[in-house]
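S.K.: Would you be able to build a 3D model of this:
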Amino acid sequence: MKLSLCTIVKNEEATLPKCLTSVKDLVDEMVVLDTGSTDRTVEIAQEFGAKVHHFDWCNDFAAARNESLKYAHGDWILVLDADEVLTPEVVPQIKELINGGGNSQPKPYLLMNLIRQEVGAQQSPYSLVSRLFRNQPGIQFERPYHAMIDDSVQRMLQQQSNQWQVGSLMAVAILHEGYQAEAIASRDKLTRARESMESYLAAHPNDAYTCSKLGALYVQMGEIKQGMQLLKLGLAVSTRLESLVLYELHYHLGIAYTRKQKLSKAKAEYEKAIALPILEPIKLGAYNNLGNLLLETGNLTGAIATYQRVLQIDPSLSSAYFNLGIALKEKKQIPLAIAAYQKAIQLNPNYAEAYQNLGVALLKGGNILDGLEAFRRAVSLYEKRKSPAGPALRQSLKDMGFKI
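M.R.: From the prediction side, this is the model:
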């Protein structure tokens, strides 16, 4: 059984080498579809032995991805973007799957969903993406933005219900850097995403998935009313929505209600999202937001329990330790708060806010010297990133009689 990598690119010379390096010992062929690069992207792909094809960009990610599938000869296809890398941990699992492990089940796998981690994201760091699937004629990407194969897979399952099944690998499989704030700003992704999804929704007004994505984008851009209308429409158009789409709808409605300070309704939406039968790491955004809401409304016990649940799911989230520290400090559990801030700093040594809050907790606990040292570290880190919080903290300490 052979595996083909399919990726579409444009001016990706900075990220493409890491992407291709991560799969070069796993895949049998690399298919790179270039949509108009003017840098060394094509040369880099060829240096890795990739088969490079060209495609005139038409503002349709699905069309480009489907074009790349035409050139794949493997029995299985792995789809990555140039700003994504495959983690070494999943390579043995993928090898087992494509070499017969997927056929040992009562029904062989047609699609294996992969967990993707948004590098640097603390609020909602994980998503489930349909990127590893059999090279079958019926599978195709749909939607010009947020292109996905899920609809075509569902149609195949309905038509051939006794033949296939869909599964998920439990380990983090893909690391993605494209949604960091700088990357979004540099590529003007929000505007392009909005235009593409608005055009698609005009032609498909009852598409719940697009309602979830575009509604969330409206909320992110401050157009709360318009976003809520779409999210509610998404919930209303079908009673048979997939759990992942339902999660997105409830989660982003919770964010919208929070922005409007309708906190009881926001809490209900987060709880509905958390109750859905999906992988726990995918729910971290809802858990985090629920914890923050409980903290804001004074339910410290509930907030602490929620942040502890987040850390059970992912002990590597420094922001969860930071939030836990805040809740513990508010509950006057100073030693536990100090330990939480210290853990946040251990995971993220450049966490200025954690150093600042650690300083406050240490002063409250009577440890002045260590508290001042924590404040010094906070000021230094703030100043390195040219944040106004640095001079403000320095002045506040001076007003209190402390010189750092």
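S.K.: only C-alpha atoms for contact and neighbour calcs from this point on.
M.R.: OK.
S.K.: So which helix or strand of this protein has the lowest pLDDT on average?
M.R.: helix 181-187 (a mean of 51; mean pLDDT, DSSP states H and E).
S.K.: helix or strand right after that helix?
M.R.: Counting by DSSP states H and E, the element after helix 181-187 in chain order, helix or strand, is helix 189-203.
S.K.: Could you pull up the residues touching residue 123?
M.R.: Residues near residue 123 by C-alpha atoms under 8 Å, 6 or more residues apart in numbering: 284-285, 288-289, 319.
S.K.: Tell me how far the closest residue to residue 277 other than its chain neighbours lies from residue 299.
M.R.: When the adjacent residues along the chain are set aside, residue 277 lies closest to residue 243, with 6.7 Å between them (C-alpha to C-alpha, 6 or more residues apart in numbering). As for residue 243, its distance to residue 299 is 29 Å (criterion: C-alpha to C-alpha, to the nearest Å).
S.K.: same question, residue 376
M.R.: 32 Å.
S.K.: Looking at these two, which one has more neighbours?
M.R.: residue 376 (21 against 15; other C-alpha atoms under 10 Å).
S.K.: where does that one land in three-state SS?
M.R.: helix (DSSP: H, G, I helix; E, B strand; the rest coil).
S.K.: Make sure it is actually in contact with residue 402.
M.R.: No. With contact defined as C-alpha atoms under 8 Å, residue 376 does not reach residue 402; the gap is 10.8 Å.
S.K.: ranges for the strands of this protein?
M.R.: 3-9, 29-34, 51-54, 76-79, 84-86, 109-118, 126-134, 165-176 (DSSP state E).
S.K.: do you know which of those strands lies nearest residue 266?
M.R.: When the strands of the chain are compared by C-alpha to C-alpha, strand 126-134 sits nearest residue 266, at 21.2 Å.
S.K.: partners of the closest one in the sheet?
M.R.: strand 76-79 (antiparallel), strand 109-118 (antiparallel) (DSSP bridges).
S.K.: Return the alpha-carbon coordinates of stretch 91-110 using CSV.
M.R.: C-alpha atoms of stretch 91-110 as CSV (Å, rounded to 0.1, in the frame of the first residue of the first chain):
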residue,chain,number,x,y,z
VAL,A,91,4.3,8.0,11.8
PRO,A,92,4.2,4.4,13.1
GLN,A,93,0.4,4.6,13.4
ILE,A,94,0.0,5.8,9.9
LYS,A,95,2.4,3.1,8.6
GLU,A,96,0.3,0.4,10.4
LEU,A,97,-2.9,1.8,9.0
ILE,A,98,-1.9,1.9,5.3
ASN,A,99,-0.1,-1.4,5.5
GLY,A,100,-3.1,-3.4,6.5
GLY,A,101,-4.0,-2.3,10.1
GLY,A,102,-7.0,-0.5,8.7
ASN,A,103,-8.2,-3.7,7.1
SER,A,104,-8.2,-5.7,10.3
GLN,A,105,-11.4,-4.1,11.4
PRO,A,106,-14.9,-5.4,10.6
LYS,A,107,-15.0,-2.6,8.1
PRO,A,108,-11.8,-1.1,6.7
TYR,A,109,-11.2,2.6,7.2
LEU,A,110,-12.1,5.1,4.4
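S.K.: which of the residues in it are buried?
M.R.: 91, 93-95, 97-98, 102, 108-110 (16 or more other C-alpha atoms under 10 Å).
S.K.: now do stretch 63-82
M.R.: Those would be 63-69, 71-74, 76-82, for stretch 63-82 by 16+ other C-alpha under 10 Å.
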